[in-house]
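>>> My questions are about this predicted structure, shown below with the sequence.
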Amino acid sequence: MYWVYSTIVILMGGISLPALSFDPMAPPGQQGNPVVEKPKSIKRISGYKLGQIVVSDDRKSAVINGQVVNEGSRIGSALVKRIGVNKVVLNIQGKKKILYLKPTAAKVRR
């Protein structure tokens, strides 16, 4: 039975050439492996960490990435649109991003 299978493989041309030309362990750009480039138009909208919010009668402030910001101020490329009791709304390159304040209460085991 083995000789029948091997005869069929030989008559059909053996292994195809595209299968031989691709080496998954070769560096990109060598031996027929394509070089895949990341698109440059996509920019990440992360990297903002909300640490604290202070809301009083006359002003609202928040700490983002260690910097104190108010409504209307900028941090990096982001504009602080609104500061709430537990969230801050940013406008980054025309897109809305909401940072939520994570609860810091310790869990008590009973």
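Done, it's in.
>>> from here on, contacts and neighbour counts on C-alpha atoms
Fine.
>>> where do the helices sit along the protein?
2-11, 17-21 (DSSP state H).
>>> Select from these the stretch with the lowest mean pLDDT.
Lowest mean pLDDT within the helices of the chain: helix 17-21, a mean of 56.
>>> Tell me where the model's unsure across the chain.
By pLDDT under 70, the weakly predicted segments of the chain are 1-24, 26, 28-46, 104-108, 110.
>>> Walking through it, point out its strands one by one.
50-55, 60-64, 67-70, 74-75, 78-83, 87-92, 95-100 (DSSP state E).
>>> now the ones you listed in CSV, with mean neighbour count and distance to P27?
Shown next, in CSV, are the strands of the chain (neighbours: other C-alpha atoms under 10 Å; distance: least, C-alpha to C-alpha, whole Å):
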stretch, mean neighbour count, distance to P27
strand 50-55, 17, 41
strand 60-64, 19, 41
strand 67-70, 16, 43
strand 74-75, 16, 40
strand 78-83, 19, 38
strand 87-92, 19, 37
strand 95-100, 14, 37
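>>> Including distance to M25, could those go into JSON lines?
Below are those laid out as JSON lines (distance: least, C-alpha to C-alpha, whole Å):
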{"stretch": "strand 50-55", "distance to M25": "42"}
{"stretch": "strand 60-64", "distance to M25": "43"}
{"stretch": "strand 67-70", "distance to M25": "46"}
{"stretch": "strand 74-75", "distance to M25": "43"}
{"stretch": "strand 78-83", "distance to M25": "42"}
{"stretch": "strand 87-92", "distance to M25": "40"}
{"stretch": "strand 95-100", "distance to M25": "40"}
